[in-house]
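> Next come a sequence and a model predicted from it.
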Amino acid sequence: MSYPTIAALDVGTNSFHLVIARDTPNGFQVLTREKRNVRLGEGGGDMKMLSKDAMNRGIDALHHMKKVADAHKASIVAVATSAVREATNSAEFVARALTETGIHIEVISGVEEARLIHAGVQQSLPLSDSTALLIDIGGGSTEVTVADHGIETFVRSFKLGAVRLTNRFFSGTAVHPAAPLACQAFIQSLIEPVARDIREAQHDIAVITSGTAETLAKMCWVAERGELPRIMNGATFSATELHRITGQLISAPNPQSRLNIVGLDSNRADIIVAGAIILNTMAQSFGITTFTFCDYALREGVLLEASRRAHPQFHGDLRDIAIESAMRLAKRCSPDMTHNIHVAQLATKIFDELDEMQPLEARHRVFLEAAALMANCGLVISHSKHHLHSYYIIRNADLIGFNERELEIVAQVARYHRKSEPKISHEQFAALSSDDRETVSLLAGILRVAIGLDRTHDGRCTDIKMKKKGESLRLHLYGDNDIDLSLNTYATQERIDLLERVLNYPIEIRHNIAT
């Protein structure tokens, strides 16, 4: 049996990383790795804009990565992080990438980035029986995750990155005497609001990932032991050793002089001071005494994600992650979770019935279920226009298991669960691709019907069936003996129009008694 080959591409703020692996039931077989130092987030004014030079460097790197992937006949799954997601001209770079290299880049949120990093780390270190604190220092952001026996209990992305803080505090040829303390104070101001929660989690292991972490781990290891370990993955060093190395880096007057410190990667000599201060400050604030380096990170998480979507039988169903995240938000915001859950059950049953007639995309079922659970989140603000409030809550929530495009679809399905149907005159709807507009319309049509089916908010409509009858569809409602379904039938009829237009079938509604 042949297995697919996947190329996971991390379009980072400092560098681009590619890992190509063959996906098998026994795990990934890594075929090759590539790295290009790009500095995509450099020279952009606190990363508000991608400069033309940076974009050109990025496109050149993507051309190279595409050639490597093509040589292995690998399908590319590319994600972009801090520099791209924050830049106001990110759409230009993403469009150029697709047009000039054929690579489609998904821009992921900081929280989704943290989740994928955790997924990658779990493939390399045994963390399932411990409480782990994960820190990934990138060029533009630092992702922090606390996971209790594999379950994420805290996920946060901070705008603290080695390139970003170098641009802000260490852009000159020499370190200004006041810069290190100013940088440390800035970091503390951002992390202190959550430091207590992280300390109280009482982590068993503190794991660091990515290039800055690897460089610092090497420097600390060599300084204490005189040589590098044979394998960096799992290598440990103390917070005391890190503090000592940070002091040496700060004392070095310029990038060239820092190269005298053994273990320092020359490509990071200009940004390592900022990276060291980030990690050293977090060690002090979070109560970390020992660090463990992991050489798996975002790109390995992307590999796992791609495999989960294509082969859930290998790695488990991605639905569980997404729906659990949606459920947590709904519980915080919605006053009637029993109704939300029943509507989600009815909506997915309609989806399954339609799927039997004309196959639908399995991932769209997850979008529908999540939107049904969260559709009433806006009630936490007010009943008036709560569908609009739901959109903004979902769109800006720290939901995991969805990329940016998918989260927009879910938010719009929830937004259209009542009142106005999707219209091209609506700005957010018009911004979607034509395929995604069709998806939103179909799923919103299903959700509106499901809400009508539970108009009484008591679960009396226990089941549905859909059948083709000539040139129309019949929707059969079922309930227990002697139950009155007239109000539910009426409410469903009032909400059927959108689904009829999307399916291009008139729908007859019948209510039946369960047998």
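Good, I have the coordinates.
> Could you list the low-pLDDT ranges of this protein?
1-2, 25-27, 43-45, 309-319, 398, 512-515 (pLDDT under 70).
> quick one: the strands in it?
5-11, 15-24, 27-37, 75-80, 105-107, 131-137, 142-148, 151-158, 205-209, 236-238, 290-294, 463-469, 472-479, 507-513 (DSSP state E).
> And those strands: which comes nearest F186?
Of all the strands of the chain, strand 151-158 sits nearest to F186, with 10.8 Å by C-beta to C-beta. Any C-beta I mention is one placed from the backbone N, CA and C, and that applies to glycine too.
> In the sheet, which strands lie alongside the closest one, parallel or antiparallel?
Using DSSP bridges, the strands paired with strand 151-158 in its sheet are strand 142-148 (antiparallel).
> how many degrees apart are the partner strand and strand 205-209 in direction?
150 degrees (axes from the mean of the first three to the mean of the last three C-alpha atoms, to 10 degrees).
> got the strands of the chain as CSV, with distance to M55 columns?
Below are those laid out as CSV (distance: least, C-beta to C-beta, whole Å):
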stretch, distance to M55
strand 5-11, 11
strand 15-24, 13
strand 27-37, 14
strand 75-80, 12
strand 105-107, 12
strand 131-137, 24
strand 142-148, 24
strand 151-158, 23
strand 205-209, 27
strand 236-238, 37
strand 290-294, 31
strand 463-469, 49
strand 472-479, 50
strand 507-513, 49
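> Select, out of these, the one closest to A274.
Using C-beta to C-beta, the nearest of these to A274 is strand 131-137, at 9.1 Å.
> Can you name the residues bridging to the residue lying closest to A297 once chain neighbours are set aside?
Take A297 and drop its neighbours on the chain: the residue closest to it by C-beta to C-beta, 6 or more residues apart in numbering is T209, 4.0 Å away. T209 has the following beta-bridge partners by DSSP bridges: D136, C294.
> Quick check: T209 touching I117?
Yes - the pair T209 / I117 is scored as a contact, 6.2 Å apart, by C-beta atoms under 8 Å.
> what's the distance between the residue nearest to A297 and K423?
Note on T209: its distance to K423, by C-beta to C-beta, to the nearest Å, is 44 Å.
> which of the two has more neighbours?
Per other C-beta atoms under 10 Å, whichever of T209 and K423 has more neighbours is T209, with 28 against 9.
> The spatially most central residue of the chain and N233, how far apart?
The chain has E112 as the residue nearest its centroid, 2.0 Å off, counting by C-alpha atoms, centre = their mean. To N233, E112 is 24 Å away according to C-beta to C-beta.
> residue boundaries of the helices in the stretch 101-250 of the chain?
110-122, 162-169, 179-200, 210-225, 239-251 (DSSP state H, counting those that start in this stretch).
> and the angle for the second one with strand 131-137?
Regarding helix 162-169 and strand 131-137, their directions subtend 60 degrees when assessed with the same axes, to 10 degrees.
> got the contact list for stretch 228-241?
124-125, 214, 217-218, 220-224, 263, 280, 283-284, 288-296 (C-beta atoms under 8 Å, 6 or more residues apart in numbering).
> do stretch 112-123 as well
Contacts of stretch 112-123 (C-beta under 8 Å, 6+ apart): 27-28, 79, 81, 108, 127-128, 132, 134, 136, 141, 143-145, 147, 150, 152, 155-157, 207, 209, 294, 296-305, 321, 400-404.
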